[in-house]
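Q: My questions concern the predicted model and sequence given below.
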Amino acid sequence: MAENRASGAAGGGPARGFAEGVPCWVDAQLPDVGAGRRFYGGLFGWTFEETGPGASVWARLGGEPVAALVPKTDGRMPTVWTVYFAADDAGALAARIRAAGGQVVTPPQPVGALGTSALVADPQGAVFALWQPGGPAGAPSATGVTGFTGFGRRHEPGTFGWAELYTRDTDAANAFYGELFHAALFGPGADPDVGRAPVSDVFPAEMPPHFLVHFRVEDCEAALGEVGRLGGRVQVPPFDTSYGRVAVVTDDQGASFALLQR
């Protein structure tokens, strides 16, 4: 697994057909999706597409899907951004995760005609999701498309740029993810946009292991000003990494994410 290593993957334009183990989507579980629309629309210039009354909304940039905002159905669940990794077979991959000491939090289940999702955790408790597209990519349906593969844009301002795993045992994380997603991390042409670091490098040592979703910005300090104006707060001030300048923030409902300037 990359250790704070920069990805040179090209940005801009549609990014379709993700190989297994590549981050392909992100969503935020929020108590108030309307407030989320105001916050992220103001911060990143996203527009939003309704999927149904009281349902999740798709965030778009330049007409392409970049994220989703999902209403929390249980107030006891965390307000959080989740990264999805592409899966060829979500059921088989979930079984491998369980066999390797991880957990299946939510078993694979269909999401309409779009595909199949599962929520899982690694052996140290870091939660992430799996996404298996269903049906022919881009085929029309009543709600938009079937066979949804994920990001339409990434690696550019206002879109997903990186996912960092903050973990307690980096050697164990290397072994788990190196086996699980070997081709995406180390195979021919691999250029991962995910890395790992000790929790204590950035956060208090008692914070649980977790994935931190990063969104690209042109100017980190200017974006921090917008976060504050929109009601968010700075969790960790800007710091430099080998993959760019990063600041950790929370939105106005408490969901943590990072701003990445490269």
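A: Thanks, I have the structure now. Residues are numbered from 1 along each chain as shown.
Q: so how far is residue 21 from the nearest residue to residue 19 once chain neighbours are set aside?
A: Leaving aside its chain neighbours, residue 19 sits nearest to residue 184 (5.7 Å; criterion: Cβ to Cβ, 6 or more residues apart in numbering). Backbone N, C-alpha and C define where each C-beta goes, glycine included. For residue 184, the distance to residue 21 equals 3 Å [Cβ to Cβ, to the nearest Å].
Q: Just give the nearest non-adjacent residue to residue 236, would you?
A: residue 248 (3.8 Å).
Q: count of neighbours near the residue lying closest to residue 262 once chain neighbours are set aside?
A: The shortest distance from residue 262 to any non-neighbouring residue, by Cβ to Cβ, 6+ apart, is to residue 244 (3.7 Å). Using other Cβ atoms under 10 Å, residue 244 has 20 other residues around it.
Q: and residue 244, what is it in contact with?
A: Residue 244 makes contact with 6, 161-162, 260-262 under the criterion Cβ atoms under 8 Å, 6 or more residues apart in numbering.
Q: As a check, name the ranges of all strands in the stretch 101-250 of the chain.
A: 103-111, 115-121, 127-133, 139-141, 144-146, 160-167, 194-198, 210-216, 233-241, 244-250 (DSSP state E, counting those that start in this stretch).
Q: now the last one, how far from the centre of its chain.
A: Averaging C-alpha coordinates over strand 244-250 and over its chain gives two centres that are 15 Å apart (Cα atoms, centre = their mean, to the nearest Å).
Q: So that it lines up with my notes, have the first residue be 68 from now on.
A: Renumbered: residue one is now 68, and that last one reads strand 311-317.
Q: Nearest to the spatial middle of the chain, which residue is it?
A: In the chain, the centroid-proximal residue (Cα atoms, centre = their mean) is residue 150; its distance is 2.6 Å.
Q: any idea which element it lies in?
A: strand 147-153 (DSSP states H and E).
Q: Who are the packing partners of whichever helix or strand comes after that strand?
A: Sequence-wise, the next helix or strand downstream of strand 147-153 (DSSP H and E) is helix 157-166. Other helices and strands packing on helix 157-166, by 3 or more Cβ pairs under 8 Å, 6 or more residues apart in numbering; DSSP states H and E, are strand 170-178, strand 182-188, strand 194-200, helix 237-247.
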